[in-house]
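Asks: What shape does this take:
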Amino acid sequence: MAPTLAWRVWLLAARPIVSFLLHSLKQDVVRTFFLLFLPVEILPRRRRSTLTMPAATPSANGANGAKAASGLSANDNITRFSAPSRPLSPLPEHALFNDKTRCFVYGLQPRAVQGMLDFDFICKRKTPSVAGIIYTFGGQFVSKMYWGTSETLLPVYQEVPKAIAKHPDVDVVVNFASSRSVYSSTMELMEFPQIKTIAIIAEGVPERRAREIAHKAQLKGITIIGPATVGGIKPGCFKIGNTGGMMDNIVASKLYRKGSVGYVSKSGGMSNELNNIIANNTDGVYEGVAIGGDRYPGTTFIDHLLRYQADPDCKILVLLGEVGGVEEYKVIKAVEDGVITKPIVAWAIGTCASMFKTEVQFGHAGAFANSTLETAKTKNEKMKEAGFYVPETFEDMPQVLKALYDSLVKNGTIKPQPEPVVPKIPIDYSWAQELGLIRKPAAFISTISDDRGQELLYAGMPISDVFKEEIGIGGVMSLLWFRRRLPPYASKFLEMVLMLTADHGPAVSGAMNTIITTRAGKDLISSLVAGLLTIGSRFGGALDGAAEEFTKAFDKGLSPREFVDSMRKANKLIPGIGHRVKSRNNPDLRVELVKEYVKAKFPTHKLLDYALAVESVTTSKKDNLILNVDGCIAVCFVDLMRNCGAFSSEEAEDYLKMGVLNGLFVLGRSIGLIAHYLDQKRLRTGLYRHPWDDITYILPQLGSGPPGTEGRVEVQMVIEPHSDDAQTVWCRHLNYTIDNSLSTRDRHERTIAQEKPDPKRNRRKRKDARTRTKKNMSFFRITLHRSAIGLPKSTRGVLDALGLHRRTQTVFHPVSPQFAGMIFKVKELVKVDEVDRPLSKRELQAERRPDPGFVVEKRVPRVL
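Replies: Next up is the predicted model:
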């Protein structure tokens, strides 16, 4: 509704009074209360902006002294910032940034973003200048950054429209896109009206593309900084990317608070030098921009110097040009026309170009003089004629700048402000450690390999030398496992062990586990691990045991006979002795290969000779108690470590205790397990299910036994030892409980016909038997729920044996293993219940109800 005339008059009369009261009230609390309860229309226009500030304040501990918000624990070290509640007041036309400017960083540049946040923190900004990151190559996620000593989370967006919609307060984009994609990304960004400034960091942008970007930006009123620039900085307010360098340089240049000098340069590197010169000779930088070294920058010297001219807080202008281009002449024209009236200290770099006989390209793409007018010498002369403060050399610029600053301070144009307290600089841990300021104990120690340098090292040996010297896999194992080079015969022996232990067929437990896991559809790693987990004392783990027992007996000086007798008395099997298939008359060729190589190559093999002597004792008792491949490898490996000259006796013993022999078996057998995995995948085998006829089901009778012990079967087995057998097994008492409810004592499928009554039997005995059966027996009630047509012949035979011929037919049979075994074979076709007696047809008809399917009800007895 439009305000009335009386209301308008009252507003005009009340506004000066309100303005006076606001100026006179000194206490912040009273002023805030007064502002909240006054209508917005009464407030002066400059006060209205105070009510539209962003509500983005730190909400966790550690951010510029902010207290932790309610609901957060004391251990929460994440600083969170809420979105602005109202839009910010528009900036003046001459300003690009202020202390509330927010931006997007286009491209994943965590170091640049962290530098911007560190700058914001020491400038005591209330909110980070980076609102989010746009990274088109990844999904939406958050990036964790530091805000002072605490942490904050920055959103990462994959799409520009989504980022713009989420952050309406953002009007600046720092574009780190490459020279190939910067054109398309910048054009997309300029389609959004809220974006007012774009800094293009990339070098090598095609000149035609750069001119198209500049043309479109001019039509839309967007300021482009770059390409080929480090960016710009407004001390105490905003920093673009890596401008200003590291934090120690920013503090040294006093960029955490504003000064009175605004500069513009082409070179980003020289802008750092200007920051230092201005900080040491004046009250500091007000704003600085590097427009970039390309021939067609988005904005030029005159664009930024006109902004500084319009800004009342900027008192001195500094122009650092260079050879090439004519942009400096536009500034000269503006000074001569009186458009720019503030004093300008200027210099064009590249005066040494006149010393060369031909034109020279200086670094930047635009640093090339096509005429005398574009030389640095001519530019400096023309600027000096126009009234610029131009030093004789670049080294004289600090003195000229200081003299100008002192004169402006003296006449009152510049009023120096007291120097604030130098902020503390949060330093990264990695940087502090590199500078030697801190030390930290390492969490891990590695002595076998090093990948930090130019070349990978194995125990100090460069990987290139590993191939040049052709040390093979055995040599690599000696470097990584033992941190030393072993003799060539030792490396060859390690390779031989790997080849011998690679596989032993699909029937062993490790290979079987891998095969079953593969057929279950698991991946390579899962299948390999499933096989490796079976390696232990019963499978593959005899190497360590054989090495230990044979070495102990040999070191004690026991004769082979004494060793065998001592193991018998201790009721222990001799590890490494015995084979289920091979014997003295049918030797294992793997053992023969190892013995042949060791006797030919090793300097000595005393432990192998001792093991062969033990074999002669054990085979005198039984032919298959031979030295198997595990035992042979174990004793030969001990001979290797003790006699190759690379290990001391203590080191050899330590490596054996570490389990290095089992490591050899695991490494070698992994080859075979992977082969079984690939074999099953190649054959496209299906899920494995073990056949019932290979399982013995032993079921308890739950109805028998005293209460609490129903179904418990006590089995006592005693095997008397043989006095002359080294592999004696004592099995004392074995108690176990069977917990299944079905039994297939007869493994072969057969048709069981129902017994016909024998008329010759005594009728009374038959009557008594029927009475006892009804009192003491339970019955299976079996209902066929599908037709037998199309079923296999064996399945139809089982149904015939049960007396089932048509769908929905119900029969009764006594509960016994015989019928249970048949029911289990057709469990998918029938529904089974247990009843105390056969039901009549009437009872069945009354009880029958629709049922979509049937399942076998398994009754599991209580486990004791």
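Asks: Tell me the span between the first and last residue of stretch 188-204.
Replies: 20 Å (CA to CA, to the nearest Å).
Asks: Do you have the helices of the stretch 51-200 of the chain handy? List them.
Replies: Remark: helices of the stretch 51-200 of the chain, listed N- to C-terminal, are 110-122, 160-166, 182-189; assignment by DSSP state H, counting those that start in this stretch.
Asks: need those helices in a markdown table with mean neighbour count and distance to residue 658, can you?
Replies: (Glycine included, C-beta is placed from N, CA and C.) As requested, the helices of the stretch 51-200 of the chain are arranged in a markdown table below (neighbours: other CB atoms under 10 Å; distance: least, CB to CB, whole Å):
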| stretch | mean neighbour count | distance to residue 658 |
| --- | --- | --- |
| helix 110-122 | 20 | 42 |
| helix 160-166 | 16 | 55 |
| helix 182-189 | 20 | 57 |
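Asks: Out of the ones you listed, which is closest to residue 280?
Replies: Using CB to CB as the measure, helix 110-122 is the one of these that comes nearest residue 280, at 19.5 Å.
Asks: domains for this protein, by residue range?
Replies: 5-52, 103-410, 449-488, 509-683, 763-847 (automatic domain parsing).
Asks: which parts of the shortest one are buried?
Replies: Which is domain 449-488. The neighbour-count check on domain 449-488 (16 or more other CB atoms under 10 Å) flags 457-459, 461, 466, 471, 474-479, 481-482, 485-487 as buried.
Asks: Output stretch 500-513 as CSV, restricted to C-alpha atoms.
Replies: These are the backbone C-alpha positions of stretch 500-513, laid out as CSV (Å, rounded to 0.1, in the frame of the first residue of the first chain):
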residue,chain,number,x,y,z
LEU,A,500,58.6,-76.1,-6.4
THR,A,501,56.0,-74.8,-4.0
ALA,A,502,53.9,-73.0,-6.7
ASP,A,503,51.2,-75.6,-6.8
HIS,A,504,50.3,-79.1,-5.7
GLY,A,505,47.1,-79.7,-7.5
PRO,A,506,43.4,-78.7,-6.8
ALA,A,507,42.8,-81.3,-4.1
VAL,A,508,44.8,-79.7,-1.3
SER,A,509,42.9,-77.5,1.2
GLY,A,510,44.4,-74.1,0.0
ALA,A,511,43.5,-74.7,-3.6
MET,A,512,40.1,-76.1,-2.7
ASN,A,513,39.2,-73.0,-0.7
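Asks: now what about that stretch, what contacts it?
Replies: Outside of stretch 500-513, the residues within contact range by CB atoms under 8 Å, 6 or more residues apart in numbering are 515, 530-535, 538-540, 590, 593-594, 629, 633, 664-665, 668-669, 671-673, 675-676.
Asks: For PyMOL, what selects the buried ones among those residues?
Replies: This is how PyMOL selects the buried members of those, with burial counted by 16+ other CB under 10 Å:
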select buried, resi 515+530+531+532+534+535+539+540+590+594+629+633+664+665+668+669+672+673+676
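Asks: hang on, the earlier thing: need the helices of the stretch 51-200 of the chain in TSV (columns: distance to residue 225).
Replies: Output for the helices of the stretch 51-200 of the chain, formatted as TSV (distance: least, CB to CB, whole Å):
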stretch	distance to residue 225
helix 110-122	15
helix 160-166	19
helix 182-189	12
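Asks: looking at this, residue 318 is in a helix?
Replies: No: the secondary structure assignment for residue 318 gives strand rather than a helix, going by DSSP: H, G, I helix; E, B strand; the rest coil.
Asks: Could you report the neighbour count for it?
Replies: A count of neighbours around residue 318, defined by other CB atoms under 10 Å, yields 26.
Asks: same deal with residue 421?
Replies: Other residues within reach of residue 421 by the criterion other CB under 10 Å amount to 5.
Asks: that older thread, can you tell which of the helices of the stretch 51-200 of the chain is closest to residue 131?
Replies: Proximity of the helices of the stretch 51-200 of the chain to residue 131 was assessed by CB to CB; the nearest stretch is helix 160-166, lying at 8.2 Å.
Asks: Can you give the contact residues for the closest one?
Replies: Around helix 160-166, the neighbours that count as contacts under CB under 8 Å, 6+ apart are 83, 104, 132, 134, 140, 155, 157, 170, 185, 188-189, 192, 194-195.
Asks: Any of these buried? List them.
Replies: 104, 132, 134, 155, 157, 170, 185, 189, 192, 195.
Asks: In TSV, list those along with pLDDT and distance to residue 163.
Replies: Listed next are these as TSV, based on pLDDT from 0 to 100; distance: CB to CB, whole Å:
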residue	pLDDT	distance to residue 163
104	98	6
132	96	6
134	96	5
155	94	8
157	95	4
170	96	8
185	97	12
189	97	10
192	97	10
195	97	11
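Asks: Looking at the residues you listed, which are in strands?
Replies: Judged by DSSP state E, these include 104, 132, 134, 155, 157 as members of strands.
Asks: export the residues you listed to TSV and tack on distance to residue 331?
Replies: Written out in TSV, the entries for those read as follows (distance: CB to CB, whole Å):
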residue	distance to residue 331
104	32
132	37
134	35
155	41
157	39
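Asks: Mind giving me the packing neighbours of the longest helix belonging to the chain?
Replies: What stands out as the longest helix in the chain, according to DSSP state H, is helix 660-683. Other helices and strands packing on helix 660-683, by 3 or more CB pairs under 8 Å, 6 or more residues apart in numbering; DSSP states H and E, are helix 488-500, helix 509-519, helix 524-532, helix 542-556, helix 629-643.
Asks: Just tell me which of those ends up closest to residue 238.
Replies: Comparing the helices and strands packed on helix 660-683 by their distance to residue 238 (CB to CB), the top pick is helix 524-532, with 50.2 Å.
Asks: Going by distance to residue 384, which of the buried ones among the contacts of helix 160-166 wins?
Replies: Sorting these by how near they are to residue 384, with CB to CB, puts residue 195 at the top with 39.7 Å.
Asks: ok, back up a step: how about the contacts of helix 160-166, which pair is most distant?
Replies: The most widely separated members of these, counting by CB to CB, are 83 and 185 (24.4 Å).
Asks: Which of the buried residues of domain 449-488 fall in helices?
Replies: Secondary structure assignment by DSSP H places 466, 474, 475, 476, 477, 478, 479, 481, 482 of the buried residues of domain 449-488 in helices.
Asks: okay if I get those as TSV plus distance to residue 837 and pLDDT?
Replies: Shown next, in TSV, are those (distance: CB to CB, whole Å; pLDDT from 0 to 100):
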residue	distance to residue 837	pLDDT
466	82	95
474	77	95
475	80	95
476	77	96
477	74	96
478	79	95
479	80	96
481	73	96
482	77	95
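Asks: Distance to residue 275 for those - can I get that in JSON lines?
Replies: Output for those, formatted as JSON lines (distance: CB to CB, whole Å):
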{"residue": "466", "distance to residue 275": "51"}
{"residue": "474", "distance to residue 275": "61"}
{"residue": "475", "distance to residue 275": "57"}
{"residue": "476", "distance to residue 275": "54"}
{"residue": "477", "distance to residue 275": "57"}
{"residue": "478", "distance to residue 275": "58"}
{"residue": "479", "distance to residue 275": "52"}
{"residue": "481", "distance to residue 275": "56"}
{"residue": "482", "distance to residue 275": "57"}
